[in-house]
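Q: sequence and predicted structure below; questions after.
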Number of protein chains: 2
Amino acid sequence: MARAATTADAFNAVAEPRRRQILDVLSGGERPVNDLVRLVGLAQPLVSKHLRVLREVGLVGVRDEGRQRMYSVNGQPLKPIHDWVKTYERSWSRRFDRLDVVLEELKEVKEDDDGEDE
Amino acid sequence: MARAATTADAFNAVAEPRRRQILDVLSGGERPVNDLVRLVGLAQPLVSKHLRVLREVGLVGVRDEGRQRMYSVNGQPLKPIHDWVKTYERSWSRRFDRLDVVLEELKEVKEDDDGEDE
DNA sequence: GAATTATATACCGATATAGGAATATGTCAA
DNA sequence: TTGACATATTCCTATATCGGTATATAATTC
């Protein structure tokens, strides 16, 4: 065995800076590939390949529009990352200094997020 | 050029499942290497190598204690990941359905996190 | 000092990339 | 149909791993 496949999950897909850059551009709205090529400053085949990886983990969607393919973001697969990282928030956030605030947050999360998804 | 170096940043360091596992164990408190070997079920040299990567991005710290080396977690380098992922929270959180809640959150963040770090 | 324990490093093999160049596929227009 | 444009795929090379085995370093005990 060797290195784990990058296309395996969102963690790996997003570890590549160019792919984060692509997502950042797309977060401003749907874009055809050529826009990304121009905005990210990467060769067209490379952009297509990165988009393939992002598609495979569900981070982007495509829609055919004439001879263009419109790509859009879907952040849902990022939720596991968010959830995992959040458990370490204590390490950097001053918010966790006071217990009462922590409890306040927990209550709030329960109210707003209950039955969120999955 | 080939694949980006894993040791480059927290994004890559954390893309490896075994390393997340190690961090998760350490989040329960300081541990010597052998504990990790046992708990993660990985060969000792592999654990040491993963720890090296984690050390290089600042995600763990070490403390010498006799002939053991006590490792501990430092989540600070995860903050950039948290911040980046958070901008996509809209995609999965029902919390963003109502504008008033969004504004409430923004206000709250400003109060609690102001002048956090860096 | 020798044996033991704890950890780190070096070397190896297999593999999965990232980027580049060339080419294939697909759509529209004249 | 031919040509132009948009995008995807294939083939290639270099490299950075991950896991494994063997070994080196370091501290403790006898």
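A: Noted; the coordinates are in hand.

Q: strands along chain A, start to end?
A: Along chain A, the stretches classed as strands by DSSP state E are A:31-32, A:60-65, A:68-73.

Q: the first one pairs with which strands?
A: If I follow you right, that is strand A:31-32. Sheet pairing for strand A:31-32, assigned by DSSP bridges, gives strand A:68-73 (antiparallel).

Q: just the buried residues of the strand it pairs with, please?
A: Buried residues in strand A:68-73, defined by neighbour count with 16 or more other CB atoms under 10 Å in any protein chain shown: A:70-71, A:73. Every C-beta, even on glycine, is put in place using the N, C-alpha and C of the backbone.

Q: ditto for stretch A:73-82
A: For stretch A:73-82, burial by neighbour count (16+ other CB under 10 Å) applies to A:73-75, A:77-79, A:81-82.

Q: mind putting those residues in a markdown table, pLDDT included?
A: What follows is the buried residues of stretch A:73-82, written out as a markdown table (pLDDT from 0 to 100):
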| residue | pLDDT |
| --- | --- |
| A:73 | 97 |
| A:74 | 95 |
| A:75 | 94 |
| A:77 | 96 |
| A:78 | 97 |
| A:79 | 95 |
| A:81 | 97 |
| A:82 | 96 |
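
Q: among those, name the ones in helices.
A: The helices, defined by DSSP state H, take in A:79, A:81-82 from those.

Q: surely residue A:22 meets residue A:36?
A: Yes - between residue A:22 and residue A:36 a contact is recorded at 5.8 Å, counting by CB atoms under 8 Å.

Q: okay, and the common contacts of these two?
A: Counting by CB atoms under 8 Å, 6 or more residues apart in numbering or on different chains, the contacts common to residue A:22 and residue A:36 are A:47, A:51.
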